[in-house]
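Q: here you go, sequence then predicted model.
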Amino acid sequence: MRPGIAFLGGLVLVGLFALRADHFARTTSQTFDEGAHLAAGVSYWRTGDFRLNPEHPPLLKLLWAIPVVVRDDVHFDPDPDAWEHKDHWRVADGFLYDGEADHFELLLAARRVNIALGAALVALLGWWAHRLWGPGAGLLACALAATDPNLAAFAALLSMDLGLALFATAAAYALWEYGDTDVSGWFYLAGLCLGLSLATKFTGVLTAAALAAGTAVFAAAGGQLTIPYRPPAHTAGGRLSAALSAFIRLGLVAAVVVVAAYAGR
């Protein structure tokens, strides 16, 4: 298959995925925790205080809230008692239903941010398959992802899982590219995406564990994965040691991202 045809086909599939998810977002009522997530994100932007919804890291909530906080008709004036007691349920109800802006318009704007993340995941899966096996495989992978009902459903709701899937996949892809090309930018991009995973959901630590295991297997099989600009190792022990050092450096990059997501707190 010609790459140009596969590329155009992939664009069409990503577009259809986004349209399908958008239809679902426009026709589905609010789930029980979406309001809490959105109100928490708005509170982070407006107050710099991360007290609400601490059971999840802030990154996606910050992203979802961007199209909401830029609106002139959106104000964040929570009930003092609910705010003091960190009651995100009451804060969310007051924010969504007592303000002048239509609550579903706010919810839909936030959901569309998540749809964009879902479309990026579909495109990434197609591109990675293209890099591995060619344009035909890339188009097939893109088609399978674009028509998957689970991805469309999670993309249309304010759920952490879609964002975690995107950033974890991106971290794995960037690390694979670094191992394949030895281009240093891929190494630091992998660290960035790992940090985004950790700043999305606490179970992102499983992404770190999976990347560590994959790095060890790659090195044990004879692959070279070292810190950028370091010379390659020539023994099995040396390769494992170099891979461990590289993963520690990767973790440091990720840690910087996590701290930044919390605005340095």
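A: Ah, there it is. The structure displayed is predicted, hence computed values, not measured ones.
Q: what about Leu158, how many residues nearby?
A: Using other Cβ atoms under 10 Å, Leu158 has 25 neighbouring residues. The C-beta positions use only the backbone N, C-alpha and C, and glycine is treated the same way.
Q: helix/strand/coil for it?
A: coil (DSSP: H, G, I helix; E, B strand; the rest coil).
Q: then His75?
A: coil.
Q: doesn't Gly99 make contact with it?
A: Yes: counting by Cβ atoms under 8 Å, His75 sits close enough to Gly99 to count as a contact (6.2 Å).
Q: all helices for the stretch 51-200 of the chain, in order.
A: In the stretch 51-200 of the chain, the segments counted as helices under DSSP state H, counting those that start in this stretch are 59-69, 80-84, 88-97, 103-133, 135-146, 149-155, 160-181, 184-198.
Q: tabulate the ones you listed (CSV), appending mean pLDDT.
A: What follows is these, written out as CSV (pLDDT from 0 to 100):
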stretch, mean pLDDT
helix 59-69, 98
helix 80-84, 97
helix 88-97, 96
helix 103-133, 98
helix 135-146, 98
helix 149-155, 95
helix 160-181, 96
helix 184-198, 97
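Q: for Gly237, which of those is the nearest?
A: helix 160-181 (18.6 Å; Cβ to Cβ).
Q: mind saving the C-alpha coords of the closest one as CSV?
A: Listed next in CSV are the C-alpha coordinates belonging to helix 160-181 (Å, rounded to 0.1, in the frame of the first residue of the first chain):
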residue,chain,number,x,y,z
MET,A,160,-8.6,9.3,33.6
ASP,A,161,-8.1,6.0,31.9
LEU,A,162,-8.0,7.4,28.3
GLY,A,163,-5.3,9.9,29.1
LEU,A,164,-3.3,7.3,31.0
ALA,A,165,-3.5,5.0,28.0
LEU,A,166,-2.3,7.8,25.7
PHE,A,167,0.7,8.9,27.8
ALA,A,168,1.7,5.3,28.7
THR,A,169,1.6,4.3,25.0
ALA,A,170,3.5,7.4,24.0
ALA,A,171,6.2,6.7,26.6
ALA,A,172,6.6,3.2,25.4
TYR,A,173,6.7,4.3,21.7
ALA,A,174,9.3,7.0,22.4
LEU,A,175,11.5,4.6,24.3
TRP,A,176,11.2,2.1,21.5
GLU,A,177,12.2,4.8,19.0
TYR,A,178,15.2,5.7,21.1
GLY,A,179,16.4,2.1,21.2
ASP,A,180,15.9,1.8,17.5
THR,A,181,17.4,5.1,16.3
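Q: which neighbours do His75 and Gly99 have in common?
A: Residues touching both His75 and Gly99 (Cβ atoms under 8 Å, 6 or more residues apart in numbering): none.
Q: mind putting the helices of the stretch 51-200 of the chain into CSV with mean neighbour count?
A: Formatted as CSV, these follow (neighbours: other Cβ atoms under 10 Å):
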stretch, mean neighbour count
helix 59-69, 22
helix 80-84, 13
helix 88-97, 20
helix 103-133, 20
helix 135-146, 20
helix 149-155, 19
helix 160-181, 21
helix 184-198, 22
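Q: would you reformat those as JSON lines and include distance to Pro3?
A: Shown next, in JSON lines, are the helices of the stretch 51-200 of the chain (distance: least, Cβ to Cβ, whole Å):
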{"stretch": "helix 59-69", "distance to Pro3": "32"}
{"stretch": "helix 80-84", "distance to Pro3": "54"}
{"stretch": "helix 88-97", "distance to Pro3": "46"}
{"stretch": "helix 103-133", "distance to Pro3": "8"}
{"stretch": "helix 135-146", "distance to Pro3": "5"}
{"stretch": "helix 149-155", "distance to Pro3": "24"}
{"stretch": "helix 160-181", "distance to Pro3": "18"}
{"stretch": "helix 184-198", "distance to Pro3": "21"}
